[in-house]
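# Next come a sequence and a model predicted from it.
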Amino acid sequence: MATLERDKVFGVYISHSIDEEPKAADFFMHVHDTYEIYCFVSGKASYMVEGRIYDLRPGSLLLMRSAETHKLIVNGSGRYERYVMQFRPDFLEERGFSKELLAPYLKRGLGERNLYLPSEFSAMKPIEFFQKCFRELEFLPKEEVFAANLSAFLSGVCTAFHNEKEPPYAVDRDIGREIIDYINENLSEELSLERISNEVHMSPSQIGRVFRRLTGTSVYDYILSKRLIIAQELISKGENATYAAQKAGFRDYSAFYRLCKKRLGAAPTEVREDIERKIT
């Protein structure tokens, strides 16, 4: 992967990357505790968010909120180019902008209405927005200018969000959605394949196969990733690590501690808002 431009300014991560020959194995299911703006420039790919698959076209925009699992699906060879931006949920509100700008992130279900096409924007298109961001970060790196540009762009996204219902080109997976929704509604409780099996009326082995085919990961790993994000958010807000682990659904604090060390490279008490994650 060639990262042409990459920066972390004002607590916001922004990148412009190209893979000349993308390999499916390099793009895995992942999750963040930040809000993400993803802009597809070129390539042969689709994108999975919470088990829902979206076709990508040049200039397509995807929004993922914190704890929303997502993954690129490589559909063929050839150059793959994209822009990515990640910011904390309170970034704009702390700078005097309305929380309503986050409606496209907050006022929808997981894996729903993530995708926007360039034709849905009457003003600045997604690719133009990222190009403008990088130009101004190079020549006019001012926080108030950056925040104003982001708020203006999200205002356009809000207009598209309120004007359009779920697009017909989003491919749904009813059984997978039922499993994913049940897991997310019960993360703080004891979850097992047997319990999920009783809820969705499928055998544990069937659930495992369907879930991996749909999301590219196991039910167990999906649950761990979601619980880890919940615990991180609670700790970053000042909660005790033990309480955060219990609230997120971890019954064994030592298991939570080991997971933090393995996946984040830090103990729970060392978790901070600026922990960086791999961007794909």
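In hand now; what should we look at? Numbers count the residues shown, from 1 in each chain.

# Excluding chain neighbours, what is closest to T34?
Q86 (4.2 Å; CB to CB, 6 or more residues apart in numbering). For glycine as for every other residue, the C-beta is placed from the backbone atoms N, C-alpha and C.

# element containing the one you found, please.
strand 80-87 (DSSP states H and E).

# so what strands line up beside that strand?
The pairing partners recorded for strand 80-87 under DSSP bridges are strand 12-19 (antiparallel), strand 35-42 (antiparallel).

# pLDDT weak spots in the stretch 101-250 of the chain?
164-174, 216 (pLDDT under 70).

# From the chain's centroid, how far away is the strand holding Q86?
11 Å (CA atoms, centre = their mean, to the nearest Å).

# Helix or strand for the residue nearest to I175 when sequence neighbours are not counted, just tell me which one.
Among residues not flanking I175 along the chain, V210 sits closest, at 5.9 Å (CB to CB, 6+ apart). Here V210, judged by DSSP H and E, is contained in helix 204-215.

# Buried residues, that helix. List them.
I207, G208, V210, F211, L214, T215 (16 or more other CB atoms under 10 Å).

# Pull up the gap between V84 and N163, please.
From V84 across to N163, the span is 25 Å (CB to CB, to the nearest Å).

# out of these two, which sits in the more crowded spot?
V84 (19 against 9; other CB atoms under 10 Å).

# could you pull out the strands for the chain?
Along the chain, counting by DSSP state E, strands occupy 2-9, 12-19, 35-42, 45-49, 52-55, 61-64, 70-74, 80-87, 115-116, 170-171.

# Reformat those as a markdown table; add distance to L101.
Shown next, in a markdown table, are the strands of the chain (distance: least, CB to CB, whole Å):
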| stretch | distance to L101 |
| --- | --- |
| strand 2-9 | 19 |
| strand 12-19 | 14 |
| strand 35-42 | 11 |
| strand 45-49 | 20 |
| strand 52-55 | 22 |
| strand 61-64 | 11 |
| strand 70-74 | 21 |
| strand 80-87 | 11 |
| strand 115-116 | 15 |
| strand 170-171 | 23 |
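
# Least confident of those strands, on average?
Note on these: strand 170-171 shows the lowest mean pLDDT, a mean of 44.

# In the protein, which helix is the longest?
helix 143-163 (DSSP state H).

# outside of that helix, which residues touch it?
9-10, 12, 61, 63, 85, 87, 91-92, 95, 97, 100-104, 107, 113, 116, 120-124, 129, 132-133, 136-137 (CB atoms under 8 Å, 6 or more residues apart in numbering).

# ok, now which ones touch the nearest residue to A266 once chain neighbours are set aside?
Once flanking residues are discounted, A266 sits nearest to C260: 6.3 Å by CB to CB, 6+ apart. With contact set as CB under 8 Å, 6+ apart, C260 has these partners: L228, A266, A267, P268, V271.
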